[in-house]
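Visitor: Build me a model:
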Amino acid sequence: MTERSETKATRLERETTDGGAEVAVLTLANPPLNLFDQAMFDALVDDIAALTANPPRALLLRAEGKVVSGGVDVHVFDGLTTEEGAELWRSLFAQIIHPLEALPCPVLFAAHGLTLTAAFEIALACDIILAAPKAKFGLVETVVGLTPSMGGPQRLAERAGSGRAREFVMTGDLYDAKTMADWGVVNAVHEDVDSAARELAHRLAQGPTKAHAATKQIVAAWRSGGVAHADSVTPEVSGELFATDDLRGAVRSFLEVGPGKATYTGR
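Guide: Numbers count the residues shown, from 1 in each chain. All right, here's what the predicted structure looks like:
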């Protein structure tokens with residue numbers, strides 16, 4: 001099933017794994033550059049709203065064409081006042097970044113080529129980033145006198161450290177997939193990144209979805225308040241899993257036939 005915005009800047013498809021789990025695939029589909037113009041932003045807002053209303057059991061973000069994205073169409077910034085600029089970032093956090101992070105399922109990003117500015121900031125809001133060896137990443141907003149403002153610097157700092165984040169943003173240089181993996185930003189590098197990402201998305205979709213969502217909640221608590229805050233929410237977040245069909249069934253399966261035999265429904 002395909003859900004396509006009228007702008008055709010993106011493509012949202014839902015597919016089913018062999019085990020019956022739903023995986024959503026959200027593709028940037030406006031080659032050759034997949035520029036983040038208003039049409040692209042609007043399409044993503046619509047897609048993420050649809051995913052929030054009807055979450056899959058895993059989501060893969062990817063792109064078609066030679067590059068993942070050449071960045072933001074600079075026309076988006078032309079002539080903005082101070083308040084209009086601030087409102088732009090507020091809306092992108094509220095409609096793209098935060099809802100993407102809040103999805104109750106694993107969210108993966110596959111980067112097969114050049115991944116600049118907004119596309120990389122969106123990748124950094126995902127749970128897992130996979131890259132092809134030839135992929136390159138950059139936050140190059142300094143070329144227009146700007147700093148990345150969709151959460152990129154702080155999420156890069158979380159993964160790679162604050163010193164690396166400042167270097168990455170201030171230089172505006174491009175960094176290859178190996179470097180990003182060495183820094184802990186990219187989780188893995190694969191020759192056929194699209195196939196690897198789809199395989200992992202299918203595997204995670206067939207897992208205990210509510211447990212994955214709980215993992216995200218606990219990590220989010222750590223991100224906002226450190227270990228003590230994460231410890232304070234873990235008992236309730238994890239405790240709720242004992243009411244799920246997946247935990248009850250997996251415990252019975254483990255006791256009856258041993259580990260690794262359980263199947264999960266996401267309930």
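Visitor: Give me the below-cutoff pLDDT ranges for the stretch 1-150 of the chain.
Guide: For the stretch 1-150 of the chain, applying pLDDT under 70 flags the ranges 1-7.
Visitor: again, only this time at 50
Guide: 4-5 (pLDDT under 50).
Visitor: Okay, helices next: where are they in it?
Guide: 38-53, 82-92, 98-102, 117-124 (DSSP state H, counting those that start in this stretch).
Visitor: In JSON lines, list those helices along with distance to Asp173 and mean neighbour count.
Guide: All C-beta atoms are positioned from the backbone trio N, CA, C, and that covers glycine. Listed next are the helices of the stretch 1-150 of the chain as JSON lines, based on distance: least, C-beta to C-beta, whole Å; neighbours: other C-beta atoms under 10 Å:
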{"stretch": "helix 38-53", "distance to Asp173": "24", "mean neighbour count": "18"}
{"stretch": "helix 82-92", "distance to Asp173": "23", "mean neighbour count": "12"}
{"stretch": "helix 98-102", "distance to Asp173": "26", "mean neighbour count": "17"}
{"stretch": "helix 117-124", "distance to Asp173": "13", "mean neighbour count": "27"}
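Visitor: Can you add distance to Val189 and give the ones you listed back as JSON lines?
Guide: Below are the helices of the stretch 1-150 of the chain laid out as JSON lines (distance: least, C-beta to C-beta, whole Å):
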{"stretch": "helix 38-53", "distance to Val189": "26"}
{"stretch": "helix 82-92", "distance to Val189": "28"}
{"stretch": "helix 98-102", "distance to Val189": "23"}
{"stretch": "helix 117-124", "distance to Val189": "14"}
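Visitor: which stretch among those comes nearest Ala110?
Guide: helix 117-124 (9.0 Å; C-beta to C-beta).
Visitor: Alpha carbons of the closest one, in PDB - could you do that?
Guide: Below are the C-alpha coordinates for helix 117-124, written out as PDB (Å, rounded to 0.1, in the frame of the first residue of the first chain):
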ATOM      1  CA  THR A 117      21.700  19.500   6.300                       C
ATOM      2  CA  ALA A 118      18.000  18.800   7.000                       C
ATOM      3  CA  ALA A 119      18.400  15.200   5.800                       C
ATOM      4  CA  PHE A 120      21.200  14.500   8.200                       C
ATOM      5  CA  GLU A 121      19.400  16.200  11.000                       C
ATOM      6  CA  ILE A 122      16.400  13.900  10.400                       C
ATOM      7  CA  ALA A 123      18.700  10.900  10.400                       C
ATOM      8  CA  LEU A 124      20.100  12.000  13.800                       C
END
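Visitor: Show residues contacting it.
Guide: 28, 34, 36, 44, 61, 63, 68-69, 71-72, 96-97, 100, 109, 111, 115, 129, 137-141, 148, 150-152, 155-156, 159, 185 (C-beta atoms under 8 Å, 6 or more residues apart in numbering).
Visitor: what's the angle from that helix to helix 38-53?
Guide: Orientation of helix 117-124 against helix 38-53 (axes from the mean of the first three to the mean of the last three C-alpha atoms, to 10 degrees) gives an angle of 20 degrees.
Visitor: Can you give the distance from helix 117-124 to the centre of its chain?
Guide: Centroid separation between helix 117-124 and its chain, computed with C-alpha atoms, centre = their mean, to the nearest Å, is 9 Å.
Visitor: And stretch 174-181, by the same measure?
Guide: With C-alpha atoms, centre = their mean as the basis, stretch 174-181 stands 18 Å off its chain's centre.
Visitor: Would you mark the buried spots in that stretch?
Guide: Applying a neighbour-count criterion of 16 or more other C-beta atoms under 10 Å, one finds Tyr175, Asp176, Ala177, Thr179, Met180, Ala181 buried in stretch 174-181.
Visitor: just stretch 137-148 next, same as before
Guide: Phe137, Gly138, Leu139, Val140, Glu141, Pro148.
Visitor: and those, which two are the farthest apart?
Guide: Farthest apart among the buried residues of stretch 137-148 - using C-beta to C-beta - are Phe137 and Glu141, which lie 13.3 Å from each other.
Visitor: want to throw the buried residues of stretch 137-148 into a markdown table with distance to Thr81?
Guide: Below are the buried residues of stretch 137-148 laid out as a markdown table (distance: C-beta to C-beta, whole Å):
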| residue | distance to Thr81 |
| --- | --- |
| Phe137 | 31 |
| Gly138 | 27 |
| Leu139 | 24 |
| Val140 | 24 |
| Glu141 | 18 |
| Pro148 | 20 |
